[in-house]
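Visitor: Give me coordinates for this.
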Amino acid sequence: MSNQELVVLGRTNEAGACCPGLLTAPLDEGQAVDLAKVFKALGDPVRLRLRSMIASRAGGEVCVCDPTPAFDLSQPTISHHLKLLRQAGLIECERRGTWVYYWLLPEMTDRLAGILTRPAGEPK
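Guide: Numbers count the residues shown, from 1 in each chain. Predicted structure coming up:
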């Protein structure tokens, strides 16, 4: 991820500056483009289901072979959706032998929630 993407998602950049949440300051064009990539990854029902399957799995990870039977899609298509979630920073993976295992990055979920949450004490 670029420094701009890190700032948009509530992380601090190399200078230590942190961006405000989405509801406290307007996004510039670059921030909007970067944040839209994350929301675009979440904007597909298959990817939402995959992310949910990973998050709710005992042990917190799934093999690429596990979710395929739940969908009327080929394994390469499932892998493509997982790749898009990974590129958006929502999940991570590791190859173990011939299989790839995926797990949720909860800090990204927390950052997205923080971006969308109204600051405490703000009027409705």
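Visitor: who touches the residue nearest the centre of the chain in this structure?
Guide: In the chain, the C-alpha nearest the mean C-alpha coordinate belongs to L90, at 2.4 Å (C-alpha atoms, centre = their mean). Contact analysis of L90 by C-beta atoms under 8 Å, 6 or more residues apart in numbering lists 38, 41-42, 51, 104-105, 108-109. No exception for glycine: its C-beta is placed from N, CA and C like everyone else's.
Visitor: among these, which are in strands?
Guide: L104 (DSSP state E).
Visitor: For the residue nearest to the centre of the chain, grab phi and psi.
Guide: phi -90, psi -30 (degrees, to the nearest 10).
Visitor: Give me the pLDDT for it.
Guide: Looking at L90, its pLDDT is 94.
Visitor: cool, and G43?
Guide: 95.
Visitor: picking that back up, could you identify the most distant pair in the contacts of L90?
Guide: V38 and L104 (14.0 Å; C-beta to C-beta).
Visitor: ok so, going back, now tabulate the contacts of L90 in CSV and tack on distance to R118 and neighbour count.
Guide: Listed next are the contacts of L90 as CSV, based on distance: C-beta to C-beta, whole Å; neighbours: other C-beta atoms under 10 Å:
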residue, distance to R118, neighbour count
V38, 19, 22
A41, 24, 21
L42, 20, 14
R51, 24, 22
L104, 25, 21
L105, 24, 16
M108, 20, 19
T109, 18, 13
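Visitor: Tell me which of the contacts of L90 fall in helices.
Guide: Using DSSP state H, the members of these that fall within helices are 38, 41-42, 51, 108-109.
Visitor: now, among the residues you listed, which is nearest to I115?
Guide: Nearest member of the ones in helices among the contacts of L90 to I115, counting by C-beta to C-beta, is V38, at 9.4 Å.
Visitor: can you confirm C93 is in a strand?
Guide: Yes: assessed by DSSP: H, G, I helix; E, B strand; the rest coil, C93 belongs to a strand.
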